[in-house]
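[1] From the sequence below, what's the structure:
(chains A, B, C, D, E and F)
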Protein chains: 6
Amino acid sequence: MDAATAIYPGSFDPITNGHLDILNRAREVFPRVVVAVANDPGKAVLFPAETRLGLVRCVLKEIGADDVEAVGFDGLLAEFARTIGARALIRGLRAVTDFEYELQMALANRRLDPDLETVFLMAEARHCFLSSSLIKEVARYGGDVSPFVPRCVADALRDAFRSSGC
Amino acid sequence: MDAATAIYPGSFDPITNGHLDILNRAREVFPRVVVAVANDPGKAVLFPAETRLGLVRCVLKEIGADDVEAVGFDGLLAEFARTIGARALIRGLRAVTDFEYELQMALANRRLDPDLETVFLMAEARHCFLSSSLIKEVARYGGDVSPFVPRCVADALRDAFRSSGC
Amino acid sequence: MDAATAIYPGSFDPITNGHLDILNRAREVFPRVVVAVANDPGKAVLFPAETRLGLVRCVLKEIGADDVEAVGFDGLLAEFARTIGARALIRGLRAVTDFEYELQMALANRRLDPDLETVFLMAEARHCFLSSSLIKEVARYGGDVSPFVPRCVADALRDAFRSSGC
Amino acid sequence: MDAATAIYPGSFDPITNGHLDILNRAREVFPRVVVAVANDPGKAVLFPAETRLGLVRCVLKEIGADDVEAVGFDGLLAEFARTIGARALIRGLRAVTDFEYELQMALANRRLDPDLETVFLMAEARHCFLSSSLIKEVARYGGDVSPFVPRCVADALRDAFRSSGC
Amino acid sequence: MDAATAIYPGSFDPITNGHLDILNRAREVFPRVVVAVANDPGKAVLFPAETRLGLVRCVLKEIGADDVEAVGFDGLLAEFARTIGARALIRGLRAVTDFEYELQMALANRRLDPDLETVFLMAEARHCFLSSSLIKEVARYGGDVSPFVPRCVADALRDAFRSSGC
Amino acid sequence: MDAATAIYPGSFDPITNGHLDILNRAREVFPRVVVAVANDPGKAVLFPAETRLGLVRCVLKEIGADDVEAVGFDGLLAEFARTIGARALIRGLRAVTDFEYELQMALANRRLDPDLETVFLMAEARHCFLSSSLIKEVARYGGDVSPFVPRCVADALRDAFRSSGC
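    The predicted structure follows:
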């Protein structure tokens, strides 16, 4: 196990500028950061797991983050973190966030793997209103999402809602 | 655009005494208040959009609020607010409320339209436990909802649950 | 009506060590405690109401709590509490909890029955990350839930997810 | 030790209608309730400990609560609770309250005495804005405090601020 | 009384860019806004009441806000608001704020004057970390406060801490 | 500047088992951790800055943490962090904590030094009720603090309150 590896997990449905902000902060603190896109069959998503992972990779290329890996996973996060040798689990705190839910998850993950330390980083204030679900709602009504997401994602959102005829 | 117009949006599924409390406060502060009933196809509701709008209008007549308009809308709230010339967006704060969600929406709406100012008003303390979903649960089990909603709405709830055979 | 009777209601889908902690505290304070398992048809559950009640009874036997009754109920909680003569309604507070939701329910129940007093007890700190939904997620992925739930429940969870082929 | 005895501790500087509300709820649930007025030399107070205790007793007489005792104490609350045989420690939760501070105190008191159970009761919604410090501020400026406190206390507040020449 | 007048009260010790942000939003919504600088003798302040009022006026001139009046007051806010004919009381909500305290004050002020409606406006996200006390701490250690306060105030802070020899 | 260095600042008046818990987690994640004891003349403390630093060092020796340095500092934290080459600033989150205050400080520190990343770690659940002020209150009344603090600190607290004659 290696203190240098951090895992940044999430649904990323889709990845937003707020996620990117957290990711870039994690890169300042940890030598190796792995973005882990969850494939949770019980959760309603807009994009299938493969597409969400593809968008993360497209965005990493867009910002030139060659040092960051992106992988998909299913099953228990704590177990997956162990397989990639991560000792730190990155979570973003927003000024507007579900703080208590985050603490509950952190305590649960610690119980499942005491060696995996949850590390909370804080997004930029101007990102504190960003959430994937809000952005999807804007996109659904044809609003402009380009201030909120990287270009790859803006394109994917436009396609998703055009093709569904909304 | 006119500083005198305020929009009070919501699902109003159905309108409650708590909503009415906020509405009456808004009327004290703003010369023109428009109640905007959202028709969000992605949200599970008890009453269809038309019925919800009808109940709002029935209640406005019940309390003699001739100065208040009620309209339906779909699409992005920020855009609809612009079309009716509203500069203030009314939101009710309850002592027991999802404060952070409200802030997130306010910041997002500001980003979508910087000229639309979200204005939070506070309900009476005795209304702070009222929510449309709670009232629907009480009605579903045949409980008495008349202390929580105007008469039009109490009748509609009784009919809704009788006809569904619950 | 009898000040000595307390009702401890919930979905118990399934009962956890956190619930047991609260239950045991309630037993210290009240001579008679009734666990009331809600049968709410509108709520998605893993176990049907009968199974959830059976698990509660199995757990009560496991810990030798002969003094505690377990019953199922549907309809309005406030009305059911009256039929069993309960004057106190037990709710567990966790360091990590939906505090505002609890207050809203307490205020609503008081309005429905002013004689039924909601009494909040606090779980042990090490239980503060436990929730039925979290435990079900761990079980779904084949994780070990035995530190979180009594033995009856651990067995039932194993069976539930084996039989569903997950 | 006796499950029937509950202690309701506080500074009571001075006792308010909100405190009385909680006290009356505690009396419904517990056969014996003792109001314990803290004499904490490190805390700035308006009324000395003896006066605060005297006001509590005056108020208990005013409402005819012969069954409630009022005592002063200093030192650790957990230890004092033990000396009077209390097993339940009453705390009031307000819709507007320092919830986290209350949980911290409850956990600390449990550590100091595992047999003393903290029991949270909830004040009436219309009392949720009452705090002793707010009431003192109103009284200091000559505002009318009679809607917020029993008559004994209203008189004491008037005297306190008249004599200090404010 | 006139719906068009809003009062924006506070200690303003000193006024910050966050206060200015709220003030400018209030001006969009209300035809007449009065900044009311509280002279509360019981509160420890850096600047005396007269200086704080002077700084507000200096800042209003700096931004060319001729339409805004600034006045000092002592005593109960609700009473002062009545004397100037204000019907709306402006409070700023920050993403990071003491929300519950604000609600408590709003409910208390409503009880003292039912015709005075508290109206919450929301500061810009990038101002959400600004507080007068934080800025004073930065200034005390010789840090640069110019990104946080108008120029008049930056000068006053520099003088205050230079003259006190810190 | 070096990503490997983290600073863990605080008053440490005195250092508790909760602080130690956070410190040990920081050591797992960062190669170099510096404990920085603030000497803030404006803050009322029980122990003078030198004693607080001495207690931290005593505790570090007690647990054999040779890799951790302890230093005193005054002035702005962001500037001090720069002088020791720290890029990460450690803050402990407790399940029961002043979350919003922490976010405010993190945003302010970022503004003062964009290269200093605040990293939140989470204490063990059973430590979530520990605070220095609570422990001092227990010690003041002669309660047993040994479950809450390292031995050096328990001795110092005993001496402090004996010598002051409390």
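
[2] Show the backbone phi and psi for the closest residue to chain B within chain A.
    For chain A and chain B, the shortest gap (CB to the nearest CB) falls at A:F129, measuring 3.4 Å. No exception for glycine: its C-beta is placed from N, CA and C like everyone else's. Phi and psi for A:F129, reported as degrees, to the nearest 10, are phi -100, psi 0.

[3] Return the residues in contact with it.
    By CB atoms under 8 Å, 6 or more residues apart in numbering or on different chains, the residues touching A:F129 are A:96, B:103-104, B:107-108, B:111, E:125.

[4] wait, which of those is closest to chain C?
    B:L103 (14.5 Å).

[5] Could you confirm whether the least confident helix or strand in chain A by mean pLDDT reaches chain E?
    Within chain A, no helix or strand scores below helix A:99-112, which has a mean of 78 by mean pLDDT, DSSP states H and E. No. Using CB under 8 Å from any CB of the partner chain, we find that helix A:99-112 stays clear of chain E, coming within 11.5 Å at best.

[6] so A:G10 makes contact with A:G18?
    No. Counting by CB atoms under 8 Å, A:G10 does not reach A:G18; the two are 10.7 Å apart.

[7] Next, the angle strand F:117-122 makes with the helix or strand that comes right after the least confident helix or strand of chain A.
    As assigned by DSSP states H and E, the chain's next helix or strand after helix A:99-112 is strand A:117-122. Calculated by axes from the mean of the first three to the mean of the last three CA atoms, to 10 degrees, strand A:117-122 forms an angle of 140 degrees with strand F:117-122.

[8] what about strand A:117-122, distance to the chain center?
    On the basis of CA atoms, centre = their mean, to the nearest Å, strand A:117-122 sits 13 Å off its chain's mean C-alpha point.

[9] Does it reach chain F?
    Yes. Interface with chain F: strand A:117-122 contributes A:117-122 (CB under 8 Å from any CB).

[10] after that strand, next one along is what?
    Downstream of strand A:117-122 (by DSSP H and E), the next one is helix A:132-140.

[11] What residue in chain A comes nearest to chain F?
    A:F120 (3.7 Å).

[12] Burial check on that residue, number of neighbours?
    24 (other CB atoms under 10 Å in any protein chain shown).

[13] hang on, it packs against F:E117?
    No. With contacts counted by CB under 8 Å, A:F120 stays clear of F:E117, the gap being 11.0 Å.

[14] interface residues of chain A facing chain C?
    Residues of chain A lying close to chain C (CB under 8 Å from any CB) are A:42, A:74-76, A:79, A:100-101, A:103-105, A:107-108, A:111-112.

[15] 7 Å instead, please
    Contact residues, chain A versus chain C (CB under 7 Å from any CB of the partner chain): A:75-76, A:100, A:103-104, A:107-108, A:111-112.

[16] Tell me the one of those residues nearest E:R52?
    Comparing the residues of chain A next to chain C against E:R52 with CB to CB places A:E100 closest, at 37.7 Å.

[17] hang on, the earlier thing: any idea of the angle the least confident helix or strand of chain A forms with helix C:99-112?
    Going by the same axes, to 10 degrees, helix A:99-112 makes 120 degrees with helix C:99-112.

[18] Helix A:99-112 packs against which elements?
    Applying 3 or more CB pairs under 7 Å, 6 or more residues apart in numbering or on different chains; DSSP states H and E, one finds that helix A:99-112 makes contact with helix A:77-83, strand A:88-93, strand A:117-122.

[19] Nearest to B:D155, out of the ones you listed?
    strand A:88-93 (46.8 Å).

[20] picking that back up, is it possible to export the residues of chain A next to chain C to CSV including neighbour count?
    Formatted as CSV, the residues of chain A next to chain C follow (neighbours: other CB atoms under 10 Å in any protein chain shown):
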residue, neighbour count
A:G75, 15
A:L76, 18
A:E100, 17
A:L103, 26
A:Q104, 21
A:L107, 26
A:A108, 20
A:R111, 17
A:L112, 18
